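Engineer: Using only what follows, build the 3D model:
(one chain, ligands or ions: 1)
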Amino acid sequence: MSASHHPHQHDQDACRRYLSSLSEYADGTLSDELCQELEAHMATCENCRIVVNTFNKTVSLYHQIPAPEMPSAVKERLYKVLHLEAYSPAKPGQ
Ligand SMILES: [Zn+2]
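Structural biologist: I've put the predicted structure just below:
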């Protein structure tokens, strides 16, 4: 393991903490302050972006199976923050 080359504190503990809040974020039970923190972190953290991107791909692959609920409005908001709009699944009725 090499030492972090990032000047600020940005370790995987933080990532894990934010990623574990994703379901609360999706449920809308996360406080506004934490939502903003999570969005800010996701916007700058490639690690978390990859996780969410992978999650999205997985959901897309298995879209016939009921996936863990993430309301589309929340997903869109998150994708916008993460600049992942290209990965958003096509909306039905379009
Ligand atoms: Zn992260």
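
Engineer: ranges for the helices of this structure?
Structural biologist: For the chain, applying DSSP state H gives helices covering 12-20, 22-27, 32-44, 46-61, 72-82.

Engineer: now the angle from the first one to helix 32-44?
Structural biologist: So that's helix 12-20. 120 degrees (axes from the mean of the first three to the mean of the last three C-alpha atoms, to 10 degrees).

Engineer: is any part of helix 12-20 close to the ion?
Structural biologist: Yes. Helix 12-20 comes into contact with the ion (C-beta under 5 Å from the ion), by way of C15. For the C-beta atoms, the positions are set from N, CA and C on the backbone; glycine is no exception.

Engineer: Give me the residues contacting that helix.
Structural biologist: With contact meaning C-beta atoms under 8 Å, 6 or more residues apart in numbering, helix 12-20 is reached by E37, L38, H41, M42, C45, N47, C48, V51.

Engineer: Same question for that helix: list its buried residues.
Structural biologist: Buried residues in helix 12-20, counted by 16 or more other C-beta atoms under 10 Å: C15, Y18, L19.

Engineer: out of those, which one sits closest to the ion?
Structural biologist: Lowest distance from the ion to the buried residues of helix 12-20 (C-beta to the ion) belongs to C15, with 3.3 Å.

Engineer: is it true that Y25 touches R77?
Structural biologist: No. Applying C-beta atoms under 8 Å as the test, Y25 and R77 come out as separate, 9.2 Å apart.

Engineer: More neighbours: the two, which one.
Structural biologist: Y25 (20 against 15; other C-beta atoms under 10 Å).

Engineer: State the distance from the more buried one to the ion.
Structural biologist: 14 Å (C-beta to the ion, to the nearest Å).

Engineer: try A40
Structural biologist: Distance from A40 to the ion, by C-beta to the ion: 11 Å.

Engineer: hang on, the earlier thing: TSV please, covering the helices of the chain and showing mean pLDDT.
Structural biologist: Below are the helices of the chain laid out as TSV (pLDDT from 0 to 100):
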stretch	mean pLDDT
helix 12-20	86
helix 22-27	80
helix 32-44	90
helix 46-61	73
helix 72-82	75
